[in-house]
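Trainee: sequence below, structure please.
(one chain, ligands or ions: 1)
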Amino acid sequence: MILKSENFKINNRSEIGDLRCLLIHSPDGGLGKVVPNKAQDWLFEDIVHLDTIRGKEYDYYVKVLLYFLDPDKIKGKLDAISSAAAQRSFFKPDNAGFHNSNKVIEFQTLLADILTDQQTKEKLVAAVCAMENGTYGLQKNLVDTDPVELAKVFLSGFIGNQLIFAPVPNFIFSRDVGVAINNYILISKPAKRARLRETLLVRYIFFNHPLFSAYRDKLIEIPESMEQFLQTADESCEKTTLECGDVMVVSDNHVLIGCSERTSTLGANAAIKLLFQNNVVEKVTIIKIPQKRNFMHLDTVFTQVKRNVWVLLKSLFDEEAVNPENPISHFGDLKPKDKPEIIQFTKGKTDIPRRFDNLEQLLDDISRNDLHSTEATQFIYSGHNQFPYDSREQWTDSCNLLALKEGVVLAYDRNDKTVEAFEQHGFEIIKVADLLKKLESGELSTETIKDTLILMPSAELSRARGGFHCMSMPIYRDAITG
Ligand SMILES: NC(=[NH2+])NCCC[C@H](N)C(=O)O
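Mentor: So this is what the prediction gives:
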């Protein structure tokens with residue numbers, strides 16, 4: 001049955017307005033098939049334990065999302081859906097007992113839906129086989145596969161025990177494949193080979209699923225640059241790439257784009273032009289961060305918590321200290337390509353950009369001028385800004401939080417010093433299991449809860465190198481009011 005929603009609307013206009021609809025992908029079988037030899041190529045630092053990452057970690061994410069976004073699906077049913085007898089059927093997209101929410105939308109369902117259309121199925125099979133060097137025979141075999149099964153094959157790369165192409169284990173980070181900006185969707189142009197197929201799949205979903213039919217002319221794709229085709233094999237010209245973990249919609253008129261390991265300046269340049277041409281926003285700020293694995297996307301370095309509260313890694317923008325005791329330190333070892341930089345462009349005035357000296361200055365400007373905050377802007381630092389916890393906790397996504405509503409954010413339970421910092425800034429700290437119990441008993445309600453850091457189990461999830469910001473593609477947020 002094709003997922004329907006009478007009142008499906010796209011309008012993502014901030015990082016913190018009440019979250020009403022999002023796209024996610026729960027860990028599919030491919031995650032349990034990552035082999036050590038390929039873990040790095042497939043962008044995992046380690047292999048993960050599938051049953052734990054699902055049943056003991058990600059399912060909590062689904063439960064808390066449903067409680068906030070689609071409570072009828074879950075209220076009063078918590079014990080039943082979590083019982084051993086239920087065998088996780090509520091959480092398995094290919095199962096009859098699946099929640100099938102049209103607020104917390106599972107990509108795998110949408111993929112199976114579009115594959116019920118024979119023409120789309122044939123095109124997508126051909127595209128995937130072309131991308132993965134599949135044989136003509138494989139192509140024929142896949143076209144004859146049932147849509148629900150075929151969706152699983154596209155994700156896991158397995159037919160039975162046979163590996164036909166690599167899995168796409170990073171698809172759980174649905175943030176990175178596309179970003180809704182107001183009522184447009186900007187689709188990624190990945191830098192990493194491992195992230196290509198998932199982007200192809202979502203492109204087919206956005207262009208073919210009935211849910212998005214009213215938005216076909218609002219899908220923005222970044223084309224390949226002509227220089228790419230003309231360069232010779234020995235020239236290394238910069239590629240046009242943009243992964244949407246680098247894009248943040250901080251207000252309905254202002255988008256931030258990180259230039260990073262994954263998003264090139266050419267990619268950012270193309271995005272700015274397209275956003276201005278289509279009148280999506282009037283202001284785009286480019287934040288250049290070091291091209292390093294530990295800062296792969298902008299949202300690994302900071303995210304927003306409230307209109308005047310941000311969580312970030314402090315050390316990143318700190319000036320390199322010149323120590324006169326060490327004459328050589330004047331040279332510094334900061335390579336120019338790694339030097340952080342912030343430049344803001346306004347539509348119609350791109351020739352006179354505005355510069356910011358550091359992240360705090362920019363974020364304060366957003367809080368006060370874009371979001372009209374009247375309170376002092378507060379910065380909560382990763383690891384409480386203490387060495388070595390700052391960088392250790394940033395590595396396990398202390399800065400990568402998802403706001404369910406203003407001030408109520410999902411975070412990993414392992415970043416102790418960052419949690420301490422939140423406490424000192426007046427936040428309630430609660431473990432997700434306790435929160436769910438209290439929501440179920442009526443002791444707490446999603447409407448009244450405020451300024452809360454929800455701690456999520458993270459031992460396995462954090463090995464995949466992303467947090468809840470990465471694991472979400474917000475589609476609709478309410479306007480920030482009050
Ligand atoms: N928006 C993000 N920070 N996404 C994290 C992605 C992690 C994933 N393993 C990768 O390297 O691609």
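
Trainee: show me where the stretch 151-300 of the chain has its helices.
Mentor: 196-208, 226-230, 265-277 (DSSP state H, counting those that start in this stretch).

Trainee: mean pLDDT lowest for which of those?
Mentor: Among the helices of the stretch 151-300 of the chain, helix 226-230 carries the lowest mean pLDDT, at a mean of 80.

Trainee: tell me who's in contact with the residue in the chain positioned nearest to the ligand.
Mentor: Using CB to the nearest ligand atom, the closest approach of the chain to the ligand is made by residue 245 at 2.3 Å. C-beta coordinates here come from the backbone N, C-alpha and C atoms, glycine included. By CB atoms under 8 Å, 6 or more residues apart in numbering, the contact set of residue 245 is 173, 175-176, 258, 262, 296-300, 466, 469-470.

Trainee: burial measure for the residue nearest to it when sequence neighbours are not counted, as a count.
Mentor: Residue nearest to residue 245 in three dimensions, not counting chain neighbours: residue 297, with 3.1 Å by CB to CB, 6 or more residues apart in numbering. Other residues within reach of residue 297, judged by other CB atoms under 10 Å, total 26.

Trainee: doesn't residue 243 make contact with residue 297?
Mentor: Yes - between residue 297 and residue 243 there is a contact under CB atoms under 8 Å: 6.3 Å.

Trainee: what do the two both touch?
Mentor: When CB under 8 Å, 6+ apart defines a contact, the residues bordering residue 297 and residue 243 alike are 176, 262-263.

Trainee: near the ligand too, which of those residues?
Mentor: By CB under 6 Å from any ligand atom, the members of these lying near the ligand are residue 176.

Trainee: highest neighbour count among the shared contacts of residue 297 and residue 243?
Mentor: Highest neighbour count within the shared contacts of residue 297 and residue 243: residue 263, with 31 neighbours (other CB under 10 Å).

Trainee: distance-wise, check that one relative to residue 194.
Mentor: Look at residue 263 and residue 194: by CB to CB, to the nearest Å, they are 16 Å apart.

Trainee: and what of residue 141?
Mentor: In terms of CB to CB, residue 141 sits 24 Å off from residue 194.

Trainee: which of the two has more neighbours?
Mentor: With neighbours defined as other CB under 10 Å, residue 141 and residue 194 compare such that residue 194 has more, 19 against 15.

Trainee: can you tell me which of the helices of the stretch 151-300 of the chain is packed in deepest?
Mentor: Highest mean neighbour count of the helices of the stretch 151-300 of the chain: helix 196-208, a mean of 21 (counted as mean count of other CB atoms under 10 Å).

Trainee: number of residues surrounding the residue lying closest to residue 92 once chain neighbours are set aside?
Mentor: Using CB to CB, 6+ apart and skipping the chain neighbours, the partner closest in space to residue 92 is residue 98 (5.9 Å). Residue 98 sits with 17 neighbouring residues when counted by other CB under 10 Å.

Trainee: mind checking the SS state of residue 98?
Mentor: Secondary structure assignment for residue 98 (DSSP: H, G, I helix; E, B strand; the rest coil): coil.

Trainee: and it, backbone torsions?
Mentor: Dihedral angles of residue 98 (phi, psi; degrees, to the nearest 10) stand at phi -60, psi 150.

Trainee: that one: what's it in contact with?
Mentor: Residue 98 makes contact with 89-92, 106, 109, according to CB under 8 Å, 6+ apart.

Trainee: now with 10 Å, please.
Mentor: By CB atoms under 10 Å, 6 or more residues apart in numbering, the contact set of residue 98 is 26, 88-92, 106, 108-109.

Trainee: quick check: phi and psi on residue 160?
Mentor: phi 60, psi -120.

Trainee: measure it to residue 37 for me?
Mentor: Taking CB to CB as the measure, residue 160 falls 21 Å from residue 37.

Trainee: name the element residue 421 belongs to?
Mentor: helix 416-424 (DSSP states H and E).

Trainee: same question for residue 363.
Mentor: Using DSSP H and E, residue 363 sits in helix 359-365.

Trainee: give me the contacts around the lengthiest helix in the chain.
Mentor: Longest helix in the chain, counting residues (DSSP state H): helix 118-132. For helix 118-132, contacts defined as CB under 10 Å, 6+ apart pick out 111, 113-115, 117, 134-145, 147, 150, 153-154, 157, 164-166, 193, 196-197, 200-201, 203-205, 207-209.

Trainee: give me the buried entries from those.
Mentor: By neighbour count, with 16 or more other CB atoms under 10 Å, the contacts of helix 118-132 hold 111, 113-115, 117, 134, 138, 142-143, 145, 147, 150, 153-154, 157, 164-166, 196-197, 200-201, 203-205, 207-209 as buried.

Trainee: nearest to residue 409 among the helices of the stretch 151-300 of the chain would be which one?
Mentor: The closest of the helices of the stretch 151-300 of the chain to residue 409 is helix 196-208. By CB to CB, the value is 25.2 Å.

Trainee: next, see if the closest one gets close to the ligand.
Mentor: No - contact of helix 196-208 with the ligand is not found when judged by CB under 6 Å from any ligand atom; the minimum separation is 9.9 Å.

Trainee: off-centre distance for that helix?
Mentor: A distance of 16 Å separates the C-alpha centroid of helix 196-208 from that of its chain, computed with CA atoms, centre = their mean, to the nearest Å.

Trainee: for stretch 369-387, measure first residue to last.
Mentor: Terminal residues of stretch 369-387 lie 32 Å apart, using CA to CA, to the nearest Å.

Trainee: buried residues in that stretch?
Mentor: Result for stretch 369-387 [16+ other CB under 10 Å]: buried residues 370-371, 373, 377-385.

Trainee: got it, and stretch 350-362?
Mentor: 356, 359-360, 362.

Trainee: out of those residues, which is nearest to residue 79?
Mentor: For the buried residues of stretch 350-362, the nearest to residue 79 is residue 359 (44.1 Å; CB to CB).

Trainee: now do that closest one against residue 180, distance only.
Mentor: Here the distance between residue 359 and residue 180 works out to 24 Å (CB to CB).

Trainee: also residue 158?
Mentor: Distance from residue 158 to residue 180, by CB to CB: 31 Å.

Trainee: so which of the two has more stuff around it?
Mentor: Neighbours were counted for residue 158 and for residue 180 using other CB under 10 Å; residue 180 has more, 25 against 16.

Trainee: and that one, what does it touch?
Mentor: 10-13, 21-23, 186, 215, 218, 244, 247, 249, 473-477.

Trainee: what pairs with it across the strands?
Mentor: residue 185 (DSSP bridges).

Trainee: quick one: name the residues of the stretch 51-200 of the chain near the ligand.
Mentor: So far as CB under 6 Å from any ligand atom goes, the stretch 51-200 of the chain lies against the ligand at 170, 173, 175-176, 195.
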